[in-house]
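**Q** Requesting a structural model of the entry that follows:
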Amino acid sequence: MTYIVTLRHFPGAPSDVIHAAECRFQAVLDKVLGDRVVPSLKAFQTVSELSANSLSKDEIRLAVEWTEVYARAWEAGFRGLGDADEAYFEVRLG
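**A** The predicted model follows:
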């Protein structure tokens, strides 16, 4: 299964700048998580929607790992873009 990264709520940015930011973000996810991107995202979504009680210890570890790696990827993605208070990277299964 694949995933798609989209920079949301960054008005006025040229499409090439947005694409470069999305690529930087995705590169961190791929480098750090590798084949764990999708399972980590799914575990995080489950915790967000339900509770950690419905996950195994491995899934909880993946969900925690997702939050840590997302923060690193966010920093890389926004590097050099300036301020955009409501901007974020949406990651969804594709």
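
**Q** Put the alpha carbons of the helix or strand of the chain with the lowest mean pLDDT into PDB.
**A** Ranked by mean pLDDT, DSSP states H and E, the helix or strand of the chain with the weakest confidence is helix 37-49, at a mean of 91. Provided in PDB are the C-alpha atoms of helix 37-49 (Å, rounded to 0.1, in the frame of the first residue of the first chain):
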ATOM      1  CA  VAL A  37       5.300   4.200   7.100                       C
ATOM      2  CA  VAL A  38       1.900   2.700   6.400                       C
ATOM      3  CA  PRO A  39       1.700   0.500   9.500                       C
ATOM      4  CA  SER A  40       2.800   3.500  11.700                       C
ATOM      5  CA  LEU A  41       0.200   5.800  10.100                       C
ATOM      6  CA  LYS A  42      -2.500   3.200  10.600                       C
ATOM      7  CA  ALA A  43      -1.600   2.700  14.200                       C
ATOM      8  CA  PHE A  44      -1.500   6.400  14.800                       C
ATOM      9  CA  GLN A  45      -4.900   6.800  13.200                       C
ATOM     10  CA  THR A  46      -6.400   4.000  15.300                       C
ATOM     11  CA  VAL A  47      -5.100   5.700  18.500                       C
ATOM     12  CA  SER A  48      -6.500   9.000  17.300                       C
ATOM     13  CA  GLU A  49      -9.900   7.600  16.500                       C
END
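
**Q** Tell me what angle the helix or strand that that helix is followed by forms with helix 37-49.
**A** For helix 37-49, the following helix or strand on the C-terminal side (DSSP states H and E) is helix 57-78. For helix 57-78 against helix 37-49, the angle by axes from the mean of the first three to the mean of the last three CA atoms, to 10 degrees is 100 degrees.

**Q** Run through who's touching helix 57-78.
**A** Contact with helix 57-78 is made by 7, 21-22, 24-29, 32-33, 36, 39-41, 43-44, 46-47, 52, 55, 84, 87-89, 91, as judged by CB atoms under 8 Å, 6 or more residues apart in numbering. Where C-beta positions appear, they are placed from N, C-alpha and C, glycine not excepted.
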